[in-house]
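*Asks:* I would like the atomic coordinates for the input below:
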Amino acid sequence: EARARAAVFPNCDARWSAEAGGEVWCPDGTSHPRREVSFGVREDDGTGTGRKTRCACFPDESFSDVRQLYPGCEATATRCKTS
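*Replies:* Prediction:
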């Protein structure tokens, strides 16, 4: 399921530096970066469920508990500061 979602909603590009902090963006320049939250078996030990997040690119401006805005980032933004 994760691979299928990544094919539809690709990962964001990201960079970080001590001087500028972090930033995420979508390579197509028009999609909107969101922190996508999913739940599943923890990869570290497989003993329970865990929360996993990734930055994903979405074509629309919507957001939710599963498709979260980055703090301080507008819903219409195509680039977001992460720190």
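
*Asks:* got phi/psi on the closest residue in space to Ala2 that isn't next to it in sequence?
*Replies:* Setting aside the residues directly before and after it, Ala2 is nearest to Ser38 in space (Cβ to Cβ, 6 or more residues apart in numbering), at 7.2 Å. In this view, the C-beta of every residue, glycine as well, is placed from N, C-alpha and C. Note on Ser38: its backbone torsions stand at phi -130, psi 160 [degrees, to the nearest 10].

*Asks:* got it, and Asp13?
*Replies:* Dihedral angles (degrees, to the nearest 10) for Asp13: phi -90, psi 160.

*Asks:* what about the residue nearest to Ala2, how many neighbours?
*Replies:* 14 (other Cβ atoms under 10 Å).

*Asks:* do the same with Ser17
*Replies:* By the measure other Cβ under 10 Å, the count of residues near Ser17 is 8.

*Asks:* bridging residues for it?
*Replies:* Gly21 (DSSP bridges).

*Asks:* quick one: contacts for Gln68?
*Replies:* Neighbour list for Gln68: 34-37 [criterion: Cβ atoms under 8 Å, 6 or more residues apart in numbering].
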